[in-house]
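Asker: Got a sequence here, can you build the structure:
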Amino acid sequence: MKRAIEQFCSYLENERNVSQHTLAAYRSDLDQFALFLDPHCTFPLAEVNHLAIRRYLAHLHKGHAKSSIGRKLSAIRALFRYLMREGQVEKNPAELVSTPKKEKRLPFHLNIDQVEALVEAPRGGDVLSLRDRAILETLYSCGLRVSELTGMNVGDLDLPGALVRVLGKGGKERIVPVGSCARDALAAYLEERGNPQSSDPLILNARGGRLTRRSVARIVDAHMLLIAAMRKVSPHTLRHTFATHLLEGGADLRAIQELLGHASLSTTQKYTHVSIDKLMEVYDKAHPKARS
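Answerer: Next comes the predicted model:
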């Protein structure tokens, strides 16, 4: 089992060119499945059937969200699709197991005042304060995934043209506009750094290396605490806020899909929703009985 997982992960990395984050997620999910079947990971592939997978999912129900369980099942399906193609198994037992229905929730997003308070929280003129301001402004201005921001080099940014080249999931490139506030914040940060080379990472940590995704999450959380927010905000919250504010401002959903780099429009619809205040405003303006 362990050898099959290593072969599959090698295929994902070398042929599918998935990101390191995606690769790590697949490896972790499949290793957990292998350990459940056998602590020594020597369970024969031929004996993995849909009943074994269902027992694993039942085990996961004790402490995992349905979305996490669905992701782990998807990883198992992908593994056995690969093994079928390689002729190592005859059928995919995971195809007989239904995916748990996800809980439907409205994702949390910030309002305009909260966003302004957050991006203005780093007030110092030192390089780290300027860096934090650039991170917050860029995440909100461009709607980037954290991995996209941390993976950028200076040469990907075109400040005069107000554009940035983004390498998204699956190695797909897209061009995203950069707002004026984000451009000013990035320009100030890069100038304080001493106008780095185009091949240098766009965002650096305190030791001069490329900033990690976890570090960005800590930075966002730290500045959210400074403005006395009542809940933890992740970098992904800024991406969702970006999409929501565009939608509420009248942007076309198809255009938002392109800006976010989603392959499917249905994915974009999960990220965007209309606020209750906006619904009430539309109702008051449009319904004939609302003004009576």
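Asker: distance of Ser234 from Asp29?
Answerer: Separation of Ser234 from Asp29 (C-beta to C-beta, to the nearest Å): 21 Å. Glycine gets a C-beta too; all of them are placed from N, C-alpha and C.
Asker: Looking at these two, which one has more neighbours?
Answerer: Between Ser234 and Asp29, counted using other C-beta atoms under 10 Å, Asp29 has the larger neighbour count: 20 against 15.
Asker: what's the nearest residue to that one if we skip its chain neighbours?
Answerer: Excluding the flanking residues, the one nearest Asp29 by C-beta to C-beta, 6 or more residues apart in numbering is Ala75, at 4.1 Å.
Asker: Please name the residues that touch the one you found.
Answerer: With contacts defined as C-beta atoms under 8 Å, 6 or more residues apart in numbering, the neighbours of Ala75 are Ala25, Tyr26, Asp29, Leu30, Phe33.
Asker: For the first one, I want the exact helix or strand it lies within.
Answerer: With the criterion set as DSSP states H and E, the secondary-structure element containing Ala25 is helix 20-37.
Asker: Quick check: mean pLDDT of that helix?
Answerer: Helix 20-37 comes out with an average pLDDT of 92.
Asker: Alpha carbons of it, as CSV, please.
Answerer: Taking Å, rounded to 0.1, in the frame of the first residue of the first chain, the C-alpha atoms of helix 20-37 are listed here in CSV:
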residue,chain,number,x,y,z
GLN,A,20,3.4,21.2,-3.0
HIS,A,21,0.4,22.1,-0.8
THR,A,22,-1.9,19.8,-2.9
LEU,A,23,0.7,17.0,-2.9
ALA,A,24,1.1,17.2,0.8
ALA,A,25,-2.7,17.0,1.3
TYR,A,26,-3.0,13.9,-0.9
ARG,A,27,0.0,12.2,0.8
SER,A,28,-1.4,12.9,4.3
ASP,A,29,-4.9,11.7,3.5
LEU,A,30,-3.7,8.5,1.8
ASP,A,31,-1.2,7.8,4.6
GLN,A,32,-4.0,8.1,7.2
PHE,A,33,-6.1,5.6,5.2
ALA,A,34,-3.2,3.1,4.9
LEU,A,35,-2.5,3.4,8.7
PHE,A,36,-6.2,2.7,9.4
LEU,A,37,-6.1,-0.5,7.3
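Asker: Give me the contacts around that helix.
Answerer: Here helix 20-37 makes contact (C-beta under 8 Å, 6+ apart) with 1-2, 5, 8-9, 12-13, 18, 41, 43, 48, 52, 56, 59, 71-72, 75-76, 78-79, 147, 169, 213.
Asker: what about Thr99, how many residues close to it?
Answerer: Neighbour number of Thr99 under other C-beta under 10 Å is 14.
Asker: oh, and call the first residue 830 from now on, that's how I've got it
Answerer: OK, 830 is where the count begins now, so the last one is Thr928.
Asker: Assumed it was part of a helix.
Answerer: No. Applying DSSP: H, G, I helix; E, B strand; the rest coil, one finds Thr928 to be coil, outside a helix.
Asker: looking at it, it is touching Lys901, isn't it?
Answerer: No. Here Thr928 lies out of contact with Lys901, judged by C-beta atoms under 8 Å, at a distance of 10.4 Å.
Asker: Drop anything exposed from the contacts of helix 849-866.
Answerer: Using 16 or more other C-beta atoms under 10 Å as the burial test, the contacts of helix 849-866 include 830, 834, 837-838, 841-842, 847, 870, 872, 877, 885, 901, 904-905, 907-908, 976, 1042 as buried.
Asker: Can you point out the buried residues in the helix holding Ala854?
Answerer: Those would be Thr851, Leu852, Tyr855, Arg856, Asp858, Leu859, Phe862, Ala863, Leu866, for helix 849-866 by 16+ other C-beta under 10 Å.
Asker: now what about stretch 915-931, what contacts it?
Answerer: Here stretch 915-931 makes contact (C-beta under 8 Å, 6+ apart) with 833, 836, 874-875, 877-879, 881-883, 886, 895-896, 898-899, 902-903, 905-906, 909-910, 912-913.
Asker: Swap in 7 Å and give it another go.
Answerer: 833, 874-875, 877-879, 882-883, 886, 895-896, 898-899, 902, 905-906, 909-910, 912-913 (C-beta atoms under 7 Å, 6 or more residues apart in numbering).
Asker: could you give me the average pLDDT of it?
Answerer: Averaged over stretch 915-931, pLDDT sits at 88.
Asker: Would you map the helices across this protein?
Answerer: With DSSP state H, the ranges of helices along the chain come out as 831-843, 849-866, 879-889, 895-914, 941-948, 956-971, 975-979, 1009-1022, 1042-1055, 1064-1077, 1082-1089, 1094-1100, 1105-1115.
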